[in-house]
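Trainee: The amino acid sequence is not available; the structure is as follows:
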Ligand code: GLC
């Protein structure tokens, strides 16, 4: 190991230690960022999605009690009743984040379900991540007592109910509002965004392992088993874009009615940037589209959805290699000077105006709109290691190591090649730090991948 890498890890561990939040004397989570200069806004809170890389790291390093406390305390925040009361968060929803408040010397947790968040966006990913982390906890500790507790079984059930119950939709995907995930601002992700579908698939698979086969769980287990096969098929077939599929879509017939329809979503060829894509997509490449709905196939590449698909075997072996081929062969676009782009390409000009609502924080090649997020390094490394392509991980780590310490662990980078520190990026962002440390652990011992992987059931 190089000196630089060793020093970096030392510093990162120290920063991580300082990011731990204590609640009634117990470690319970990690703060989003400890930037001494930036405005706190909600960065002084513990976000469920931000804690995932911290949690996995604590599990790997033999400190499961933090993860256990986190799971127990966040579960208490989940509303268990009140589904029909629109003024309250829905039953089963997990908060995006929480903070510790002290009133009269008594500490309590204040959740944010989107009722305080900028744009008032409710998180659809929190509950899914919570289930995924719970499964990782069980695998790491072999402690099944916790998950078998009635309150935990109920918590899983309520999250699933929120995703599986009656709704206005004919597809097996879960229907969510825009901005319901890591991309928590308007970015054209209304409907069936890949990032959420990938986590949805993983959480369903995890739930089959976590839910006891008893009378209380019977209905929900049946619903999960029924949903998984069509969901997998839909994602593997209709979200899939490769040169062959591009050819099929290019010549799609439209306005087809009935069971035999080939172009079920009535995608109009003119809505897809064929010439750019035909040039960009390598012959050996393929990836899952960013969103799918009526007359909509969003061809942007989204990193979380695609990388998690590889990690959890949502994509088959061939498709997983195609996704990594895209990363390898379009390295300058997706990795550039900092791994890696949250989504590619950026929405520009009138697209940026209409789709984001002219959001200046998400202007082209910044933040969520084509910005580069170091936290994604761990997902890239996990996907690469899983597919025996560790050299991709090493190459990406080397790039990240050139910058992260010098730049004080920024939240994100801007520019088409990720060379600029994000315009409004926080420094000392915890998931940048834990993403790096987790990457190092996964590369050192790929056995830890078992916390996240599943058998291919295609
Ligand atoms: C921003 C990100 C969100 C993250 C939060 C805390 O709001 O968009 O994904 O959870 O910051 O880091």
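Mentor: The structure has been received and is ready for your questions. The shown structure was predicted, so the numbers you read here are calculated from the model rather than taken from an experiment.

Trainee: Kindly report the residues of this structure close to the ligand.
Mentor: Taking C-beta under 6 Å from any ligand atom as the measure of proximity, the chain contacts the ligand at 32, 47, 49, 50, 182, 184. Where C-beta positions appear, they are placed from N, C-alpha and C, glycine not excepted.

Trainee: which residues of this protein fall in strands?
Mentor: Using DSSP state E, the strands assigned to the chain run over residues 20-23, 26-30, 46-47, 97-103, 106-112, 240-241, 287-288, 291-293, 296-298, 301-302, 343-344, 413-414, 420-421.

Trainee: Pull the contacting residues for the residue of the stretch 51-200 of the chain found nearest the ligand.
Mentor: As assessed by C-beta to the nearest ligand atom, the ligand sits closest to residue 182 within the stretch 51-200 of the chain, at 3.9 Å. Counting by C-beta atoms under 8 Å, 6 or more residues apart in numbering, residue 182 touches 49, 125, 195, 304, 342, 368.

Trainee: Emit the ChimeraX select command for whichever of those residues are buried.
Mentor: Selection of buried members from the contacts of residue 182 for ChimeraX, criterion 16 or more other C-beta atoms under 10 Å:
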select :49,125,195,304,342,368
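
Trainee: Report the contact partners of residue 49.
Mentor: By C-beta under 8 Å, 6+ apart, residue 49 lies in contact with 96, 123, 125, 126, 129, 181, 182.

Trainee: Find me the pLDDT at the residue most central in space within the chain, would you?
Mentor: With distances taken as C-alpha atoms, centre = their mean, residue 304 lies nearest the centre of the chain, 4.9 Å away. As predicted, residue 304 sits at a pLDDT of 98.

Trainee: Who are the contact partners of the residue of the stretch 251-400 of the chain found nearest the ligand?
Mentor: Taking C-beta to the nearest ligand atom as the measure, the point where the stretch 251-400 of the chain comes nearest the ligand is residue 368, at 6.4 Å. Residue 368 sits next to 182, 183, 185, 187, 342, 343, 362 when contact means C-beta under 8 Å, 6+ apart.

Trainee: Please apply the same query to residue 233.
Mentor: Neighbours of residue 233 in contact, by C-beta under 8 Å, 6+ apart: none.

Trainee: Distance of it relative to residue 314?
Mentor: 11 Å (C-beta to C-beta, to the nearest Å).

Trainee: same thing with residue 165?
Mentor: Note on residue 165: its distance to residue 314, by C-beta to C-beta, is 23 Å.

Trainee: now residue 12
Mentor: In this view, residue 12 and residue 314 are 30 Å apart by C-beta to C-beta.

Trainee: which residues in the stretch 51-200 of the chain form helices?
Mentor: Secondary structure of the stretch 51-200 of the chain (DSSP state H, counting those that start in this stretch): helices at 64-77, 125-141, 144-148, 150-164, 194-210.

Trainee: and the second one with helix 64-77, angle?
Mentor: Our comparison of helix 125-141 with helix 64-77, counting by axes from the mean of the first three to the mean of the last three C-alpha atoms, to 10 degrees, yields an angle of 150 degrees.

Trainee: Against which helices or strands is helix 125-141 packed?
Mentor: If you count contacts as 3 or more C-beta pairs under 8 Å, 6 or more residues apart in numbering; DSSP states H and E, helix 125-141 packs onto helix 48-60, helix 64-77, helix 144-148, helix 150-164, helix 194-210.

Trainee: for that helix, the distance to its chain's centre please.
Mentor: Offset of helix 125-141 from its chain centre (C-alpha atoms, centre = their mean, to the nearest Å): 13 Å.

Trainee: what residues are up against the residue nearest to the centre of the chain?
Mentor: With contact taken as C-beta under 8 Å, 6+ apart, residue 304 is in contact with 181, 182, 195, 198, 199, 342, 376, 379.

Trainee: Need these in a markdown table (columns: distance to residue 169 and pLDDT).
Mentor: Formatted as a markdown table, the contacts of residue 304 follow (distance: C-beta to C-beta, whole Å; pLDDT from 0 to 100):
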| residue | distance to residue 169 | pLDDT |
| --- | --- | --- |
| 181 | 18 | 97 |
| 182 | 23 | 98 |
| 195 | 18 | 98 |
| 198 | 18 | 98 |
| 199 | 17 | 98 |
| 342 | 26 | 98 |
| 376 | 29 | 98 |
| 379 | 28 | 99 |
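
Trainee: What is the neighbour count of residue 352?
Mentor: Residue 352: 20 surrounding residues under other C-beta atoms under 10 Å.

Trainee: and residue 7, how many neighbours does it have?
Mentor: Number of residues near residue 7 (other C-beta under 10 Å) recorded here: 11.
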